[in-house]
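Visitor: Based on what follows, work out the 3D shape:
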Amino acid sequence: MRMLIAAVVLAVTAVTLAEENTDSLGDARTDQPQAKAPATRPSADEFPSPAELVKRMKQAEQKKSSLTKVAYFNLTRPIEEKPADFSLFGDDGSLTLRSLLDRLHMAQQDADIKAVLITLGADSGISFSQAQEVRNVLAGIVKSGKPCFVYADSYDTPSYTLATGANHVCMLEGGEIMVPGVGIEVMFLKGLLDKVGIKADYEQIGEYKGADEEYTRAEASEELKGELNKLTDALYNQIVDGISGHRNLTKDEVRGLIDRTIVTGQAAREQGFVDHLLDQDGLRPLLQKDLGNEVDLIQDFGRPTHEGVDLSSPFGFFSLMMRRSEPPPDKPTVAIIYAAGVIEDGEAEGGFLSEEGVGSERLRKAFRLAARDPNVKAVVIRIDSPGGSALASEVMWQAARRCAEKKPVIVSIGGMAASGGYYLASAGDAIFADPSAIVGSIGVVGGKIVVKDLFEKLGVNSQSFAKGKNVGLFSMTEPWSDRQRKMVHNWMQQTYEQFTERVMRMRGSKIRNIDKVARGRIFLAKQAKALGMVDELGGLEDAVAYAASKSGLNTGQYDVRALPQPKSLGDILMGGGPDAAMPFQPKIELKDPLLQRLSPLLRKTLGRQVQMLQLLQDRPVILIAPFEVSIK
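Guide: Numbers count the residues shown, from 1 in each chain. Model (predicted):
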């Protein structure tokens, strides 16, 4: 029996020591002596006594407790705006912006954590607005007295923006910083459409809108040129101001970085853009030198853990299948309702080449749930949308205002709240916007694609048999008649007037002249704030804190959760009411290898164009911004 106990304790000790000698970055610890494997199997007499093994285990625990703890975040995957609607076993493992910010604050407040380390992968895919929010939190951690380290092999504009919040910016010696500036590229298809026999029969309300120009013009109008130049200037200045302010560099030095575009490691360190040149394996020695002690990297700090399941047993697998999502907290809650993507009628499942959209029915249910839940004390709508369906925008505006009759509804704008996106934003009691958010595009576009000439070139003859003066309104084989064009224009004018009325109903005391902010104009958040379209410059955290304060809640008195709450397979199998259940509909996605080779921005742009054409098939009047902005 004594031998059995000794063997078990020895095995536990071996596992403990093996874990201690494993680096959280995935490399073996080199600062610990490596024991040589015995040449022969040890005899029973060579086993230490249980008391000796317990002593060794205590020594190992004391050694580990003496290490300086560092919260480690390995950002190799894209940071999502919203959690997945469906997770097979209740935890999709996705990294959302809010969860990352929450975990960084936990590291700041944890007395045992002495520093923060972030490593960025080549495919981190962080957006510029997300990078600004993370940067600001890192700067707050540094200000509180805890050093922050950020490492990447190379940096682009968003990742370097994030890194400037740290006081230790680290990079591979052979890497580079690439900050090319800001450019918005718009493709004009009229020449191509003319050659193949396709006519874009479009109208728009608002001379600055520009949503039809990609199809109806060979180059941008003077109005659209002015709007896009204004936008690029504002974004450029924001990049310069952000880097210079956080790295204590002059604006001319940062402009020099942008003009050179690519700055190699040695030059970047000499000019103050980075602090350390090293590879990933050099991070531990750097941390130890700066902190004056050996370090214990806490991998995935703050990420919730779940009890393991024995999958070797059919009962274990069945329990995993039936695992349900975490129950809503039985305490005051601020609910976040996400509106990311093109606004569509109904559930908005997305489709070929198009991202999942913002479904009016989904958000209407979410607002209804928030209004009915006694634990939900306030709601934050997180918006990143170029707009879409005019009807869906009105449905969500009404649902948001219905919810606002019972509890505060605050808006947080991420990358964009344009056209229908701003329609929804205007429903909020107050609007916060990330500094780089694009706001406005209050205008209307309508039309259809006519392929009559293309069919004739292809030898295709189309005949229609119909009764009704306007049955051909959606036909792709004939342009609008004068009567139909006038009817659609009147429809668009009514939609525009309703749009501006909704904005002024909520913001009439702040927007002095709707004509100066409407007619399709676009603004960066700072400009929008000066015009009364936005109340405060700030991120998601600022909006959540403000929403809580409007409900009389102080920090620590409330939880934050997404609504509707993500569902698991167990939730679906166990059923639920129509309002409680998140619809889960499997779909087939066609992934062309050629399309997958396109840049993410180009795929997203093409997807948005497909969604725009799909929307116009249902109604010839939509609220959508004409461009996609991405900062490299």
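Visitor: mind listing the strands in the stretch 351-500 of the chain by residue range?
Guide: Applying DSSP state E, counting those that start in this stretch to the stretch 351-500 of the chain gives strands spanning 358-359, 376-385, 387-389, 409-418, 430-433, 438-440, 444-450.
Visitor: in the chain, which ranges drop under the pLDDT threshold?
Guide: 1-47, 59-60, 62-63, 85-93, 305-329, 349-355, 566-605 (pLDDT under 70).
Visitor: On the three-state scheme, Val240 is what?
Guide: helix (DSSP: H, G, I helix; E, B strand; the rest coil).
Visitor: doesn't Leu257 make contact with it?
Guide: No. Using CB atoms under 8 Å as the test, Val240 is too far from Leu257 to be in contact (9.1 Å). (C-beta placed from N, C-alpha, C; glycine too.)
Visitor: Can you pick out the residue with more neighbours from the two?
Guide: Leu257 (26 against 21; other CB atoms under 10 Å).
Visitor: got a list of what the more buried one touches?
Guide: When the contact criterion is CB atoms under 8 Å, 6 or more residues apart in numbering, the partners of Leu257 are Ile177, Val179, Ile243, Val263, Gln271, Phe273.
Visitor: Leaving out sequence neighbours, find the closest residue to the fourth one.
Guide: The shortest distance from Val263 to any residue that is not its chain neighbour, by CB to CB, 6 or more residues apart in numbering, is 4.8 Å, and that residue is Ile177.
Visitor: The one you found: how many residues sit nearby?
Guide: 27.
Visitor: Could you do Gln266 as well?
Guide: Neighbours of Gln266 using other CB under 10 Å come to 12.
Visitor: what separates it from Ile177, distance-wise?
Guide: Using CB to CB, to the nearest Å, Gln266 is found at 12 Å from Ile177.
Visitor: Kindly report the same for Ala399.
Guide: 45 Å.
Visitor: And the contacts of the helix or strand harbouring Ile141?
Guide: Here Ile141 sits within helix 128-143, counting by DSSP states H and E. Contacting residues not belonging to helix 128-143 are listed as 79, 81, 97, 100-101, 104-105, 107-108, 116, 118, 126, 148, 150, 157-159, 161-167, 242, 246, 414-415, 434-437, 539-541, 631 [CB under 8 Å, 6+ apart].
Visitor: Go through these and flag which are in strands.
Guide: Val116, Ile118, Cys148, Val150, Gly414, Gly415 (DSSP state E).
Visitor: So the last one is in contact with Ala433, correct?
Guide: Meaning Gly415. No. Taking contacts as CB under 8 Å, Gly415 lies outside contact range of Ala433: 10.0 Å.
Visitor: Who has more neighbours out of those two?
Guide: Ala433 (32 against 24).
Visitor: what's the neighbour count on the nearest residue to Phe73 once chain neighbours are set aside?
Guide: Using CB to CB, 6+ apart and skipping residues adjacent in sequence, the residue nearest Phe73 is Ile118, 4.8 Å away. Neighbour count for Ile118, taken as other CB under 10 Å: 25.
Visitor: what comes up buried for stretch 526-533?
Guide: By neighbour count with 16 or more other CB atoms under 10 Å, stretch 526-533 contains the buried residues Lys526, Gln527, Ala528, Lys529, Leu531, Gly532, Met533.
Visitor: List the residues that contact the fifth one.
Guide: Which is Leu531. Ile511, Lys516, Val517, Phe523.
Visitor: List just the nearest of those to Met492.
Guide: Val517 (18.8 Å; CB to CB).
Visitor: you'd agree that closest one is up against Val534?
Guide: No. Using CB under 8 Å as the test, Val517 is too far from Val534 to be in contact (10.6 Å).
Visitor: which neighbours do the two share?
Guide: Ala528.
Visitor: thinking again about what came up before, got the buried residues for the helix holding Ile141?
Guide: Quick answer for helix 128-143 (16+ other CB under 10 Å): 128-139, 141-142.
Visitor: got those residues as CSV, with distance to Ala466 columns?
Guide: Shown next, in CSV, are the buried residues of helix 128-143 (distance: CB to CB, whole Å):
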residue, distance to Ala466
Phe128, 49
Ser129, 48
Gln130, 50
Ala131, 54
Gln132, 54
Glu133, 53
Val134, 56
Arg135, 59
Asn136, 59
Val137, 60
Leu138, 63
Ala139, 64
Ile141, 66
Val142, 69
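Visitor: Just name the closest of those to Gly459, please.
Guide: For the buried residues of helix 128-143, the nearest to Gly459 is Phe128 (49.2 Å; CB to CB).
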